[in-house]
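Participant: curious how this folds, go ahead:
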Amino acid sequence: MKKTFTIQTVLTNTVRNKWSVVVALCLVACLQSYIPGYSFRQKLTKSFNTKIAFAEAGGVAYFNLINADSDQPIVTLTDGAVLNLATLPTRKLNIQAVTNPNDVGSMVFQLTGRIVRSKTENAAPYALYSETGGNYNAWIPPVGNYTLVATPYSGTKGSGTAGGAMTINFSVVDQAQYTLSATATDGGAVTKSPDLATYNKGETVLLTAIPAAGYQFNGWTGQASGRSNPLTITMNGNKDIQASFGPEQPAGSLITYLSAQSTRPYAVSNLEEGTNLYTDRNYQATFVPDYLKNASFIKTPNDDKSNRLSEVISFELSQPATVYVAYDPLAVVLPKWLKGFQRISDKIGLNDPRIDHLVLYRKVFPAGQVKIGGNLASPAKGSKNTYVVVVQQPINIRPYVTEVRPANGAGNVPLDQSISVDLKYPSGRSINGNTVNTNTVKLYTVDGNNQRTLVGGTAVNSTAGGDAITLSATLKPNTTYEFLITNGVEDGFGNAIYPFASRFTTTGNVGEVPTDLAGISFSEQTLVDNSFGQDGFTTLVIGPDRRLYAATSGGRIERWDISPDGSISNHITISPFEPARRLLIGFKFDPGASAGNLVAWISHSSGAFNNVQDWTGKISQINLTDPAHPLVTDYITNLPRSYKDHSSNSLDFGPDGALYFPQGSHTAMGLPDAAWGYRPERLLTASILRLDINLARQQALPINVQTEAGGTYNPYAPGAPLTIFATGVRNAYDLVWHSNGQLYVPTNGSAAGGNTLPLKYGTVWSNGQPYIGPDIPAMTDVRDTQNDYLFRVVAGGYYGHPNPLRNEFILNGGNPTAGVDPGEITWTINGALFGYPVGTPTEPNYRGYAYDFGNNISPNGVIEYKSNAFGGKLRGKLLVCRFSGGDDIMVLEPGIYTGEIIQATEGIKIPGLRRPFSNPLDVIEDVQTGNLYISEYYDGNGDGKPRLTLLKANAPVTAFAARMNAVSANTSAAKSSLVVYPNPNDGNKVNVEMNGFAPQEEVTLTLHDATGLEVEKIKLATNQQGTVHTEIAKGKRLKSGLYMINATANSGNHQAKLLVK
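Facilitator: Sure, this is the predicted structure:
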């Protein structure tokens, strides 16, 4: 506590002795003279509460900016000062006025500007926002401009005589500041202007790279790129930039301006045997191919072998050149940036104790910048040594082979395999087809002494686009062949191809033997007839709850329980769209659906069948767990819809987990016509579409995929969830992903009367190249009914139906030769030949057909038969509903090795597969019994009529086989924990790979045949990753048939099937 006195008390006590008064006055005078920093008046003020008026008011000496957290001065505040809140030690501030003398009667503050404040302080220290006992009150000033006036007075509360006032102007900002590190490699320096420790956000800095004598500036790395010098940097964050320098390159040098995103050295040198390949290792090149000797190359630091950056070095080519990357042969996965490089057989030797060579990959680059990524950039694995880069000026831009099928060194090649290569033509002009013939492309047999014998009777051709070469021949079993392309093959500029050779060995299997279907028969039973209702059944499905579901042409879904004898009961109607009518065709349960979570996918469009509104198609997810309240979630909207019944059709999940479906055409033959309402093709029509459900879920649902008439959807855009998998598929009602990995699509061809598109010289074709053949005129009223085909569809393939929006102009097989060509468009009227002129090519990516159904068959519903009924004779066969011609269920058998159709059996040849049925539209199999259910639609088009027919297998599945069929009956995109391969198998060697078990866990592996007999039982232990690989039935020759493999452990059980042919 401060003591309380009055002036009267002091005077009374002191005047009692006059000498005391004299001495005291002298002492005060001395103190004031010799100790200027001491103030008697201040002492009085601090020691007494007595209010004293002084004769003089003094003046303001300066202002202190106070840290209100520490109560200490930050800086002297002067006129024009700028306070940056972002860089001050605190935002909590105060301002102190310091006077001379230190104490005055009072201090009056006047603050104007963004904040207006008046404040009078009667005791030091004098603070704009006051203080208490030395604790300053905090003020967080808003950004803006301020004027502060402080006036001292001799009296309290601003009374008495005014002293020397002080006025300052200052501003407050809140401006972020960043650092800029600018460094240089050896051989130069870098300056920055202005050269400050920190910079305000948005401030620009000029960097200048200054090379030393004998060096050149190669470019900026770090958070800048390119070679602009000087370089203007806008500060929007902390930056670290490096100037790269290197020795001056002579005029005409192939490699210039090398820079690296690394602190380790990279250098340009010449490649010779004995040259050090690395800048930090004494590993020399022991062998260099002749054509690379004395070539320019980039030495790399071996310590950068773990670099994972997508871009590490960049350099410029002064002219077009071939860039070779010499990479570690121990690599098991290459980095992504090496994609597009071609692996060649040549190597560079080195004396590394771990490896004796580096593998060469090459790619031709134009003049300009080349960027190379890190040695272990994603997804690279296995490499232990950094690559080196060699650059060689090509003598000319020669075409070369990028891939060969069968692969070099392949074995067990099927006897009907063609040999084909993909080509790269750096000159920009594709292969001249006239140079591709049996003189330039050859096939030899190779005996045990490596002696070659030319194979005669081969057929050689190139694709219309000039980007592939194919050779076909009659191959012998157990024979080694050498495929050779000579330099007689040239591109359009006359550049000779790099000679290419590869070898392969054929299988010992002399051919695929069709299955004997004798003994297969079904018994018919009508389950639902026309009295059931008005709408036909479009699609049949058996759900994971073991119930039969039937989609209808009006949009409802009918459901029944399946009895053990195959009959149905307990009917329920599910109405997801009422009161609206929708044509519901596609219906497929999700691979993850279960009896308790009945999630399915549907395709549906307008319920009309004539003069139908376009853009009404949808793909939706539907949850049927509560049939009274089905939950529909639209994923895709505004799919095209034709004038009539071509729509978004059936669905199937692919092995990649994506959803595939056919999208019908809008025209008969590519050009609008009267029968189809003159509606043009859309970008998505006449195709197989692929929906990536995971990508779709990352976007706002539903996704509008309208592509024309105001729509902007682009199926080719990166990240597009709905893409075009294959094109030219006119109208496929159904499709099936077979267990052999093939996609089979029965497709309806056009009736006569359609119109075809013209193709004129110079038109950009579907391969992206200009068409350079003779003009092909459009045809109207084509009087050639197109056959119905089964297609084996592959990604990117074209299957015959033109679409000008995709630059596809040629219908089916065109008319390339004077002979009878597969799928050619010609017809005869009264002895006169009409159609495409001879020489009309197929579309560049036309893939042909797997099976020709003939005219007016209308193959629609299709399944793969999966059960073991009839001893497994039907297993793996395709069952196709022949809706029009045939009125039956046709059986098609894919070959084991090629997937091609090796046998077609009409329904009339198998008891029970033909009545004839009344327009059979769809079929489904109960895989636990082998029974079939078919929908008979009656109408050729329109709403149809309901009829459901059971075809009961007369040789039912055994109990054990039924349990086997129940395992993974539906296609699943999930990766299996138990993998058996090869599968199908020839019975000699069966490999088993198990994943997902506990580390070092005991697993029991058993092998049973179709009757349940145990063939083998072994015990294994997993490794630290919970995996194990083994061979089962080793040394045994398994008989043909179906087997079940079980892996049992404490962490779980897994099952897989094995088919031995």
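
Participant: going forward, measure contacts and count neighbours with C-alpha atoms only.
Facilitator: Noted.

Participant: show me the domain layout of the protein.
Facilitator: 7-47, 59-173, 176-248, 251-391, 400-506, 522-751+786-808+843-854, 976-1060 (automatic domain parsing).

Participant: mean pLDDT lowest where, among those?
Facilitator: Taking each of the domains of the chain in turn, the lowest mean pLDDT turns up on domain 7-47, with a mean of 41.

Participant: Ala832 and Thr826: what is the separation?
Facilitator: 10 Å (C-alpha to C-alpha, to the nearest Å).

Participant: Gln177 touches Ala197, doesn't it?
Facilitator: No - using C-alpha atoms under 8 Å, Gln177 is not in contact with Ala197; the gap is 9.5 Å.

Participant: now the residue at minimal distance from the centre of the chain. Nearest residue, chain neighbours left out?
Facilitator: Geometric centre of the chain, nearest residue: Gly719, 6.5 Å, by C-alpha atoms, centre = their mean. Leaving aside its chain neighbours, Gly719 sits nearest to Leu695 (7.1 Å; criterion: C-alpha to C-alpha, 6 or more residues apart in numbering).

Participant: so where does that neighbour fall, helix or strand?
Facilitator: helix 693-697 (DSSP states H and E).

Participant: mind listing what's buried in that helix?
Facilitator: Ala696 (16 or more other C-alpha atoms under 10 Å).

Participant: tell me which residues are up against that helix.
Facilitator: Contacts to helix 693-697, defined as C-alpha atoms under 8 Å, 6 or more residues apart in numbering, come from residues Tyr635, Ala658, Leu659, Ile703, Gly719, Ala720, Pro721, Leu722.

Participant: of those residues, just the buried ones, PyMOL syntax please.
Facilitator: Selecting the buried subset of the contacts of helix 693-697 in PyMOL, with 16+ other C-alpha under 10 Å as the burial test, is done by:
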select buried, resi 635+658+659+703+720+721+722
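
Participant: can you add secondary structure and distance to Leu111 and give the contacts of helix 693-697 back as JSON lines?
Facilitator: Output for the contacts of helix 693-697, formatted as JSON lines (DSSP: H, G, I helix; E, B strand; the rest coil; distance: C-alpha to C-alpha, whole Å):
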{"residue": "Tyr635", "secondary structure": "strand", "distance to Leu111": "63"}
{"residue": "Ala658", "secondary structure": "coil", "distance to Leu111": "70"}
{"residue": "Leu659", "secondary structure": "strand", "distance to Leu111": "71"}
{"residue": "Ile703", "secondary structure": "strand", "distance to Leu111": "60"}
{"residue": "Gly719", "secondary structure": "coil", "distance to Leu111": "59"}
{"residue": "Ala720", "secondary structure": "coil", "distance to Leu111": "61"}
{"residue": "Pro721", "secondary structure": "coil", "distance to Leu111": "62"}
{"residue": "Leu722", "secondary structure": "strand", "distance to Leu111": "65"}
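
Participant: and the contacts of helix 693-697, which is closest to Glu925?
Facilitator: Top of the list for closeness to Glu925, among the contacts of helix 693-697 and by C-alpha to C-alpha, is Leu659 at 20.6 Å.

Participant: ok, what's across the strand from that closest one?
Facilitator: Phe653, Leu691 (DSSP bridges).

Participant: now for it: which residues touch it?
Facilitator: Neighbours of Leu659 in contact, by C-alpha under 8 Å, 6+ apart: Leu651, Asp652, Phe653, Arg690, Leu691, Asp692, Ile693.

Participant: want to throw those residues into CSV with distance to Gly465?
Facilitator: Below are the contacts of Leu659 laid out as CSV (distance: C-alpha to C-alpha, whole Å):
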residue, distance to Gly465
Leu651, 32
Asp652, 32
Phe653, 32
Arg690, 26
Leu691, 29
Asp692, 30
Ile693, 34
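
Participant: of those, grab the buried ones for PyMOL.
Facilitator: Buried members of these, defined by 16+ other C-alpha under 10 Å, are picked up in PyMOL with:
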select buried, resi 651+652+653+690+691+692
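
Participant: against Thr506, how distant is Ile298?
Facilitator: Taking C-alpha to C-alpha, one finds Ile298 at 43 Å from Thr506.

Participant: again, but for Gln261
Facilitator: Distance from Gln261 to Thr506, by C-alpha to C-alpha: 49 Å.

Participant: which parts of the stretch 901-1050 of the chain are strands?
Facilitator: Counting by DSSP state E, counting those that start in this stretch, the stretch 901-1050 of the chain has strands at residues 901-905, 920-926, 931-936, 948-953, 978-981, 990-994, 1002-1009, 1014-1021, 1028-1032, 1041-1049.

Participant: so which of those strands is the most surrounded?
Facilitator: Each of the strands of the stretch 901-1050 of the chain was scored by mean neighbour count; the highest is strand 920-926, a mean of 27, by mean count of other C-alpha atoms under 10 Å.

Participant: so which elements touch it?
Facilitator: For strand 920-926, the packing partners by 3 or more C-alpha pairs under 8 Å, 6 or more residues apart in numbering; DSSP states H and E come out as strand 537-542, strand 859-864, strand 878-882, strand 931-936.

Participant: kindly recompute the last result at 6 Å.
Facilitator: Other helices and strands packing on strand 920-926, by 3 or more C-alpha pairs under 6 Å, 6 or more residues apart in numbering; DSSP states H and E, are strand 859-864, strand 931-936.

Participant: who does that strand pair up with?
Facilitator: Strand 920-926 is paired, per DSSP bridges, with strand 931-936 (antiparallel).

Participant: show me where the stretch 251-400 of the chain has strands.
Facilitator: Counting by DSSP E, counting those that start in this stretch, the strands of the stretch 251-400 of the chain are 255-260, 267-270, 285-287, 296-299, 313-317, 321-327, 342-350, 357-365, 368-372, 388-392, 400-405.

Participant: out of the ones you listed, deepest packed?
Facilitator: Of these, strand 255-260 is the most buried (mean count of other C-alpha under 10 Å), at a mean of 24.

Participant: tell me which residues are up against it.
Facilitator: Under the contact criterion C-alpha atoms under 6 Å, 6 or more residues apart in numbering, strand 255-260 has outside partners Asn218, Ser244, Val312, Ile313, Ser314, Phe315, Glu316, Leu317.

Participant: distance check, the nearest residue to Tyr153 once chain neighbours are set aside against Phe589.
Facilitator: Of all residues not flanking Tyr153 in the chain, Ala162 sits nearest, at 4.4 Å (C-alpha to C-alpha, 6+ apart). Ala162 is 93 Å from Phe589, where distance means C-alpha to C-alpha.

Participant: neighbours of Thr99, how many?
Facilitator: Neighbours of Thr99 under the rule other C-alpha atoms under 10 Å: 25.

Participant: so who does it touch?
Facilitator: Per C-alpha under 6 Å, 6+ apart, neighbours of Thr99: Gly59, Val60, Ala61.

Participant: and the helix or strand containing Trp827, what does it pack onto?
Facilitator: Assigned by DSSP H and E, Trp827 falls within strand 826-829. The contact analysis (3+ C-alpha pairs under 6 Å, 6+ apart) places strand 826-829 against strand 832-835.

Participant: I'd like the contacts of strand 255-260 written out as CSV, with distance to Ser647 added.
Facilitator: Below are the contacts of strand 255-260 laid out as CSV (distance: C-alpha to C-alpha, whole Å):
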residue, distance to Ser647
Asn218, 59
Ser244, 60
Val312, 50
Ile313, 52
Ser314, 51
Phe315, 53
Glu316, 53
Leu317, 53
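
Participant: which single one of those residues is nearest to His1029?
Facilitator: His1029 has its nearest neighbour among the contacts of strand 255-260 in Val312, at 38.2 Å by C-alpha to C-alpha.
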